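Asker: Quick one, what's the 3D model for this:
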Amino acid sequence: MEKFEQDQDLHTTSRSIHETESHHTQGKFNDLTPVNSASSSSSSSSYDAFGHENLDDFPEGGWKAWTVIAGSALGLMTVFGVMDTISSIQLWISQNQLKNDSLSTISWIFSLYMFTCLSMGTISGPIFDIYGIKTILAIGMILNCGGLLATAFCTKLYQFVLAFGICTGAGAGMMFNPLVGIVSHWFLRKRGWANSLNACGSISGVFFPLMLRSLYPDLGYKKSMIVLACICIGLSIPALLMVEDRSDFLNRDQAHIPKKQRLIHAYKNTIDFRNFKEKSYLFLVMSIFFDEFSIIIVLSYIATYGKVRDVPDSTTYIIVTVMNAAGIVGKILPSMLSDVIGKFNVMFLIMTMMSIALFAIWLPYYNLTGFYLFAVIYGFGFGAVFALTPILIAQISKTKEFGSRFGTCYFVVAFSNLVAMPIGSQFIHKETVQNYDHMIIFAGASCLLGTIFLLCSRTSLVGIKFKAFV
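Answerer: Numbering: from 1, shown residues only. Have a look, this model is predicted:
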């Protein structure tokens with residue numbers, strides 16, 4: 001009887017949340033001006049501009065909150081750093097360990113890595129929401145660093161698939177969702193600013209490729225990868241010690257229900273397609289799906305593109321590094337700007353800029369200077385997309401449901417990451433300039449489609465009001 005009552009509490013809570021969100025979705029943007037923070041927080045019952053949260057529930061700063069942000073940034077260094085070295089690793093193993101395998105075959109290693117990384121959010125999200133960050137983060141760090149160590153000893157395709165594609169990918173996925181979501185436990189009004197500082201962890205995407213480029217000739221592949229794994233271990237340990245969640249406080253209304261039972265219920269509803277009845281969420285997920293489809297193609301093949309343009313490998317590594325460096329700026333500045341002119345507004349501008357860069361700069365390919373220019377603009381853009389995506393999802397979700405909503409989104413997006421590289425490789429199987437141009441057109445069309453869906457998501461919230469703060 002007690003179990004039945006607890007189940008009823010869960011279903012009643014879920015139903016009331018859904019009804020409340022539906023109500024807020026209809027009315028929360030009637031006032032198109034930003035909410036005054038001071039007046040909004042004058043009482044304990046005040047809500048944020050989007051009608052989801054009690055402002056008094058969030059510290060918005062303090063030593064502990066900023067320590068959490070610093071720890072999260074350290075943890076994300078291992079995730080973004082490895083993710084941003086994919087093209088460098090792919091270029092090396094395609095010319096050495098796997099030189100007898102086709103580019104399309106090799107691409108499955110990294111497609112599987114991205115798919116595993118993103119789809120793991122459906123597992124890590126509910127655990128993070130209910131049990132907190134420590135356990136799931138520790139497991140993720142062990143798999144991530146252990147997978148990198150195993151990758152150092154790989155010589156055959158199936159070994160790379162198991163070590164890097166599955167083990168490292170699963171570990172990164174278990175880390176990524178909680179490390180991003182922990183920001184929403186401590187900040188609401190300053191969430192954009194906090195996320196921009198958290199995104200500083202992506203600075204490793206500049207140094208890791210350069211480090212591998214320097215180490216490969218001197219130490220060889222195996223020792224270079226061991227060094228990379230050891231650095232990730234050195235970053236992971238302090239990150240684990242510094243981060244702290246507030247799951248028990250944020251879930252205090254369900255404290256009478258056992259955590260195990262809540263977790264089982266959460267997993268039953270992890271991939272809840274009823275969420276897609278909310279148009280803003282549906283269109284946002286579709287937008288991210290197609291935009292990341294474009295991003296993965298570009299990041300995967302920009303290095304091999306240099307070969308058909310007779311760009312030296314050393315220069316190609318620099319271009320990849322420049323793109324990653326621009327991505328760091330993209331993860332920081334747009335997040336800050338989003339608190340000023342609106343999160344959806346900034347994302348729309350970024351996606352439009354990326355589409356233009358693909359069609360107007362990379363496709364014509366005037367010269368090497370243009371190649372660098374494209375790397376800067378597109379790198380800035382994809383960095384902004386990665387940083388703004390969790391902010392946009394958080395904007396239309398309750399904080400205690402962020403992990404699951406974010407995980408559901410990236411479970412769907414993971415399939416675009418799974419097929420993006422193999423599909424892209426089909427355009428360039430002969431590796432000619434013309435075939436690469438076809439791939440660029442395909443990536444540009446995908447990015448443009450993502451931009452259109454983002455506009456649809458924004459329109460579902462505020463209508464056709466271009467000056468709306470959203």
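Asker: Please report the distance of N96 from V82.
Answerer: With the distance defined as Cβ to Cβ, to the nearest Å, N96 ends up 19 Å from V82. Every residue, glycine included, has its C-beta placed from N, CA and C.
Asker: And the two? Which one has more around it.
Answerer: V82 (28 against 12; other Cβ atoms under 10 Å).
Asker: Quick check, pLDDT for the more buried one.
Answerer: What the model reports for V82 is a pLDDT of 92.
Asker: which SSE is it in?
Answerer: V82 is located in helix 63-83, with elements delineated by DSSP states H and E.
Asker: from the chain's centre, how far out does that helix sit?
Answerer: A distance of 14 Å separates the centroid of the chain from that of helix 63-83, by Cα atoms, centre = their mean, to the nearest Å.
Asker: Sort out which residues of it are buried, please.
Answerer: Buried residues in helix 63-83, counting neighbours by 16 or more other Cβ atoms under 10 Å, are found at 65, 68-83.
Asker: Just after that helix, pick out the following helix or strand.
Answerer: Tracing the chain C-terminally past helix 63-83 and defining elements by DSSP H and E, one meets helix 86-95 next.
Asker: ok now that following helix, how far from the chain's centre?
Answerer: Here helix 86-95 is found 22 Å from its chain centre; the criterion is Cα atoms, centre = their mean.
Asker: How about the secondary structure of K467?
Answerer: Following DSSP: H, G, I helix; E, B strand; the rest coil, the label given to K467 is coil.
Asker: got it, and E431?
Answerer: Going by three-state DSSP: E431 is coil.
Asker: which residues sit in contact with it?
Answerer: By Cβ atoms under 8 Å, 6 or more residues apart in numbering, the contact set of E431 is L103, T304, K307, V308.
Asker: Please type out the PyMOL selection for whichever of the residues you listed turn out to be buried.
Answerer: Command for PyMOL that selects the buried part of those, burial taken from 16+ other Cβ under 10 Å:
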select buried, resi 103+304
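Asker: any idea which helix or strand carries G169?
Answerer: Assessed by DSSP H and E, G169 sits inside helix 169-181.
Asker: same for that helix, what does it pack against?
Answerer: Using 3 or more Cβ pairs under 8 Å, 6 or more residues apart in numbering; DSSP states H and E as the contact criterion, the secondary-structure elements in contact with helix 169-181 are helix 63-83, helix 103-119, helix 121-131, helix 134-151, helix 191-198, helix 402-427.
Asker: Same list, these, but as JSON lines with distance to L349 please.
Answerer: Listed next are these as JSON lines, based on distance: least, Cβ to Cβ, whole Å:
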{"stretch": "helix 63-83", "distance to L349": "23"}
{"stretch": "helix 103-119", "distance to L349": "25"}
{"stretch": "helix 121-131", "distance to L349": "27"}
{"stretch": "helix 134-151", "distance to L349": "33"}
{"stretch": "helix 191-198", "distance to L349": "15"}
{"stretch": "helix 402-427", "distance to L349": "21"}
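Asker: closest one to G205 among these?
Answerer: helix 63-83 (5.2 Å; Cβ to Cβ).
Asker: Next, the angle helix 169-181 makes with the closest one.
Answerer: Compare the direction of helix 63-83 with that of helix 169-181 by axes from the mean of the first three to the mean of the last three Cα atoms, to 10 degrees and you get 150 degrees.
Asker: For helix 63-83, list the C-alpha coordinates in PDB.
Answerer: Extracted C-alpha coordinates of helix 63-83, given in PDB (Å, rounded to 0.1, in the frame of the first residue of the first chain):
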ATOM      1  CA  TRP A  63      33.000  30.500  -2.300                       C
ATOM      2  CA  LYS A  64      31.400  27.100  -2.600                       C
ATOM      3  CA  ALA A  65      29.500  27.900  -5.800                       C
ATOM      4  CA  TRP A  66      32.600  29.300  -7.600                       C
ATOM      5  CA  THR A  67      34.700  26.300  -6.400                       C
ATOM      6  CA  VAL A  68      32.100  24.000  -8.100                       C
ATOM      7  CA  ILE A  69      32.500  26.000 -11.300                       C
ATOM      8  CA  ALA A  70      36.300  25.700 -11.200                       C
ATOM      9  CA  GLY A  71      36.100  22.000 -10.500                       C
ATOM     10  CA  SER A  72      33.600  21.500 -13.300                       C
ATOM     11  CA  ALA A  73      35.900  23.400 -15.700                       C
ATOM     12  CA  LEU A  74      38.800  21.100 -14.800                       C
ATOM     13  CA  GLY A  75      36.600  18.100 -15.500                       C
ATOM     14  CA  LEU A  76      35.400  19.500 -18.800                       C
ATOM     15  CA  MET A  77      39.100  19.900 -19.900                       C
ATOM     16  CA  THR A  78      39.400  16.200 -20.200                       C
ATOM     17  CA  VAL A  79      36.100  15.900 -22.200                       C
ATOM     18  CA  PHE A  80      36.600  18.800 -24.600                       C
ATOM     19  CA  GLY A  81      40.300  18.300 -24.800                       C
ATOM     20  CA  VAL A  82      40.000  14.700 -26.100                       C
ATOM     21  CA  MET A  83      36.900  15.600 -28.200                       C
END
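Asker: Who are the packing partners of that helix?
Answerer: In terms of contact count using 3+ Cβ pairs under 8 Å, 6+ apart, helix 63-83 is assigned the packing partners helix 103-119, helix 134-151, helix 169-181, helix 183-186, helix 191-198, helix 204-242.
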